[in-house]
Structure formats: C-alpha cells, structure tokens
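> one predicted model, sequence on top.
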Amino acid sequence: VDPSKVRCVPFGLFESYKALPPASLQTTLPEKYLLFFGYILPYKGLKVLYDAIGILGKELGDFKVVIAGKGNDPILDKIKNHDRFVTIRRFIKNSELTTLLNGAYAVVCPYLTMSQSGIPQTAFPFNVPIIASNLKGFRNVITEDNGMLFKRGDAPALAGCIREIINNPSRHDEMCQNISMFTSMHPQYDWNNICDQYLKSI
C-alpha cells in the first residue's frame, strides 16, 4: 500500500457514557475494587490477573477485583471460588458499566494479544487509571501519566503495578487528574480535531 494514501485518524473518548444514569447491578460491589470488564475470552489474560492477585494476597488489603462480562475462560472456574473476586458473568448494559466505572479504583487489562481496544476511551471519561499489558494498542493511549503498563503475560509485573497504585494514593490521584485533562494533553484524541482530520482525509 502506498503510505501516502494511508491516514490514521484515532477515535476519542466515549464521553457519551457519562450522560447515562447509573443502573443497579443487583450485585453488591466491594467498597474498593479493581475492574476487568468486557467480553471474556482467554486471550484477554484473566489467568495473568488471577496469578497476580495470588501473588499479592493480603497486600491487597480491602481491595477486591470485579470481573464483569459475558464469555468464557477456564480460569473462571477458579475465580468464582476465590474470595478476592466478585464476578458478574453476563452481558453488561452501558448504564451498568457506568455504575461499575463510577466506583472503580482502576481498570485492569492483562491482555495477551490484541489489535485495538476501546477500554481506555471508555474508562477515561470517568477519570479511571488503567493497568494494561504493554501491547501496542495500549501503548498508543496509556502512558505513565494516566496509567501503568507491564510486560505481557508477566503476573509478578502486574502484581507490582497493582501494589504500587494501591499503596500510593497520591500517584493514583495524579493519574486521575491527568486523565481529566487527557484531550488537552493529547489533542489528537479531541473529537473536534478528529473531525477536522477526517474531513481532510476525504
């Protein structure tokens, strides 16, 4: 393909989620939790997250992990019996996702492979930091200013990121503040700029 004929226009934050009224999940959420959400498949690395939580053990303090979404992964059989996890294994409506993100301390994405993801664009309007594997699709959006990256498949590295973010509230608060200014810090993700870039490309 002739590179001069290719133009990449990123998509911005999914701000419309903020306009949705939160909905009841009919599930009691923990007071403090990390959130994994989306369609569940083995390539999304839940086994890595499970192992990381096992490494941390009592270091998690009052934190738990909420797994929300439809799908299947063999590790879910172990997760459902683990007292550090709360599972909501069904399709999550957008208004329910609003509820989950409003209460989440951070979102965790331990993916083993990916092409692209809308997770950052969904979580950032709620000023929620993201801990993700260092795949290109995440590296394009997640920086040390708004989240943390760890080596793909490395459970001890993920455990280290979780340990750091829950033990350093000031670091967490700084990330949240930076996320609130995401489009001003990264204007390529501002919808006005995106529209202009799209119009120039056609």
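Everything's here; your move.

> and the strands in the chain, which stretches?
Here the chain has its strands, by DSSP state E, at 33-37, 64-68, 85-88, 106-109, 130-133, 147-150.

> which residues are in contact with the fifth one?
When contacts are taken as CB atoms under 8 Å, 6 or more residues apart in numbering, the neighbours of strand 130-133 outside the stretch itself are 34, 45, 48, 106-112, 119-120, 123-124, 138, 142, 146-153, 158, 161-162, 165. The C-beta positions use only the backbone N, C-alpha and C, and glycine is treated the same way.

> and if we set it to 7 Å?
Strand 130-133 has contacts (CB atoms under 7 Å, 6 or more residues apart in numbering) with 45, 106-111, 119-120, 123, 138, 142, 147-150, 152, 158, 161-162, 165.

> related to what we said a few turns ago, so can I have TSV of the strands of the chain showing mean pLDDT?
As requested, the strands of the chain are exported to TSV (pLDDT from 0 to 100):
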stretch	mean pLDDT
strand 33-37	98
strand 64-68	98
strand 85-88	96
strand 106-109	98
strand 130-133	98
strand 147-150	98
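
> would you mind giving those as TSV with distance to S24 and mean neighbour count added?
Below are those laid out as TSV (distance: least, CB to CB, whole Å; neighbours: other CB atoms under 10 Å):
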stretch	distance to S24	mean neighbour count
strand 33-37	17	23
strand 64-68	14	22
strand 85-88	12	19
strand 106-109	21	26
strand 130-133	25	25
strand 147-150	29	22
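
> just put those strands in a markdown table and tack on distance to D196.
As requested, these are arranged in a markdown table below (distance: least, CB to CB, whole Å):
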| stretch | distance to D196 |
| --- | --- |
| strand 33-37 | 32 |
| strand 64-68 | 36 |
| strand 85-88 | 39 |
| strand 106-109 | 30 |
| strand 130-133 | 27 |
| strand 147-150 | 27 |
